[in-house]
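Chemist: Just the structure for this:
(chains A, B, C and D)
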There are 2 protein chains.
Amino acid sequence: MKHTYLYPRAALTVDCVVFGFDEQELRVLLIERGLEPFKGHWALPGGFVRLDETLDEAAFRELKEETGLEKVFLEQLYTFSTVDRDPRERVISVAYYALTKLADHRTRAATDAADAQWFRISQIPALAFDHADIFSKALERLRGKLTYQPIGFELLPAKFTLSQLQRLYEAVLGTALDKRNFRKKVLSYDLLIPLNEQLREGPHRPAQLFRFNPVRYERLKKKGFLFEL
Amino acid sequence: MKHTYLYPRAALTVDCVVFGFDEQELRVLLIERGLEPFKGHWALPGGFVRLDETLDEAAFRELKEETGLEKVFLEQLYTFSTVDRDPRERVISVAYYALTKLADHRTRAATDAADAQWFRISQIPALAFDHADIFSKALERLRGKLTYQPIGFELLPAKFTLSQLQRLYEAVLGTALDKRNFRKKVLSYDLLIPLNEQLREGPHRPAQLFRFNPVRYERLKKKGFLFEL
DNA sequence: TTGACTTCGTGTCGTTTTAACACGATTTTT
DNA sequence: AAAAATCGTGTTAAAACGACACGAAGTCAA
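Modeler: Predicted coordinates:
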């Protein structure tokens, strides 16, 4: 592909903040850089955008190449442009955030050559480039979004209990929620389908399993409806 | 400036959706393109990003160059990357939206050489590139944001009446609001300072003027407070 | 088999917030 | 002085919210 260079051009990357949930705490997927700059540092998965793909395509591609993840919830976050954010040259980064079920990925990361690891968000190491800024913007966005759009389900397995959902909300928002009020509210939206199945996993009463109802969600969205809490 | 072209590079533009309010309807500032491609079409103000400036800087610069506007409220919106969105070559556009007081600009636009005009949002002409997409994303964002952050003041003169504020909300949200409830709500946030001044402008009772209290707003923001409605 | 332990699942009530609703006050114009 | 326009204000019924406690269902060990 030949170009006439009429305008200034910059290298473009996408970087993805991938969130997972381990039933206790929110986690982020980081990769260890194998090349300079920042060789040996942890960084967000990402890479250069090709000239024949959109940013969304680039984000999905990089995510798959570097972490093996596919079909995750992925959304554009913000574009970072500090002039010297990359020591090599001018690089603009379009950041994305992704939500995925942690369990899916555990084995995959272990067998993958690239060193990818889930870090608790309370224990994130020093990050390459301005990735710490990107991460904190992503967390802020996730917190904001969780309270008015039912995206929490993306972080849970297909079948989950109300307690798991509540723990997720508590972990992300960093606050304790009242059990009865939480259930009342969540069920009132009619977005959960109770299954003929229970989760038994300890010396106690088993819990009802539910699954998310995406059809109902789409219908509500069209009516301009906004989920809350 | 010499580069070693290790990575694919793309030209980068910023495009700004500038909103104003004429006491009746929301408006957008468009410029008529003097050059190909899309010569003679209306487009969002914007232009190429230089290698030594951030995106925010580029947006402010272009806004000033093309429309004379300065010191407006400006926020990054979304980055658009459809591969063929520019017929010349690959161009990524980082979109911004801006809010400004319409009155400020009226005279300026008239004397400026470049043809810039305010269009009612219900009467926008065909736009160049994918600017119609950018515009509709900006409007969506403005609507969403208005209900939980007090940014409406950016669109009004420094001194305004509660009726003006209400008309603004009604115009942006596209719904009628109850006068008494609106006043009760707005005043309860304690973000407005009543002035010793009234607006008299017709054969009817004059209206109390207020101004926005930015100090109070900053204090509330720090407490994690969110404005509503 | 019984008791200890753990999480699950549920309802009430007082308080706060919301939504609906109408009319006298003030000013200008004729 | 009457007409016309917008300004500014309070009540009430309904809905939503937040606080709060205990029996049910299962496992395990003595």
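
Chemist: Which phi and psi values does residue A:102 adopt?
Modeler: Main-chain torsions, residue A:102, degrees, to the nearest 10: phi -60, psi -40.

Chemist: Dig out what the closest residue to it other than its chain neighbours forms beta bridges with.
Modeler: Spatial nearest neighbour of residue A:102, chain neighbours left out: residue A:20 (3.6 Å); criterion: C-beta to C-beta, 6 or more residues apart in numbering or on different chains. Every C-beta, even on glycine, is put in place using the N, C-alpha and C of the backbone. Note on residue A:20: beta-bridge partners by DSSP bridges are residue A:27.

Chemist: any idea how far residue A:20 is from DNA strand D?
Modeler: 28 Å (C-beta to the nearest atom of the strand, to the nearest Å).

Chemist: go on, residue A:90?
Modeler: In terms of C-beta to the nearest atom of the strand, residue A:90 sits 47 Å off from DNA strand D.

Chemist: So that residue sits against residue A:13, correct?
Modeler: No: judged on C-beta atoms under 8 Å, residue A:90 makes no contact with residue A:13 at a distance of 11.3 Å.

Chemist: Now for the residue in chain A that chain B sits nearest to, how many residues are close by?
Modeler: The nearest approach of chain A to chain B comes at residue A:9, 3.7 Å away (C-beta to the nearest C-beta). For residue A:9, the neighbour count with other C-beta atoms under 10 Å in any protein chain shown is 23.

Chemist: OK, contacts around residue A:200?
Modeler: residue A:206 (C-beta atoms under 8 Å, 6 or more residues apart in numbering or on different chains).

Chemist: if we go to 10 Å?
Modeler: By C-beta atoms under 10 Å, 6 or more residues apart in numbering or on different chains, the contact list for residue A:200 reads A:206, A:207.

Chemist: can you give me phi and psi for it?
Modeler: According to degrees, to the nearest 10, residue A:200 has phi -120, psi 120.

Chemist: cool, and the one 4 residues further on?
Modeler: Here is the backbone geometry of residue A:204 (degrees, to the nearest 10): phi -160, psi 170.

Chemist: got any ranges where chain A has weak pLDDT?
Modeler: A:1-6, A:104-114 (pLDDT under 70).

Chemist: Near DNA strand D, which residues of it are found?
Modeler: Selection of chain A residues close to DNA strand D by C-beta under 7 Å from any atom of the strand yields A:178, A:179, A:180, A:181, A:185, A:200, A:202, A:203, A:204, A:205, A:206, A:228.

Chemist: Please convert these to JSON lines, extending it with distance to DNA strand C.
Modeler: Output for these, formatted as JSON lines (distance: C-beta to the nearest atom of the strand, whole Å):
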{"residue": "A:178", "distance to DNA strand C": "7"}
{"residue": "A:179", "distance to DNA strand C": "5"}
{"residue": "A:180", "distance to DNA strand C": "3"}
{"residue": "A:181", "distance to DNA strand C": "6"}
{"residue": "A:185", "distance to DNA strand C": "11"}
{"residue": "A:200", "distance to DNA strand C": "9"}
{"residue": "A:202", "distance to DNA strand C": "6"}
{"residue": "A:203", "distance to DNA strand C": "5"}
{"residue": "A:204", "distance to DNA strand C": "3"}
{"residue": "A:205", "distance to DNA strand C": "4"}
{"residue": "A:206", "distance to DNA strand C": "6"}
{"residue": "A:228", "distance to DNA strand C": "11"}
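
Chemist: Can you tell me the SS state at residue A:198?
Modeler: strand (DSSP: H, G, I helix; E, B strand; the rest coil).

Chemist: I'd guessed it sits against residue A:204; true?
Modeler: No: contact criterion C-beta atoms under 10 Å: residue A:198 and residue A:204 do not qualify, at 11.7 Å.

Chemist: out of these two, which sits in the busier spot?
Modeler: residue A:198 (12 against 7).
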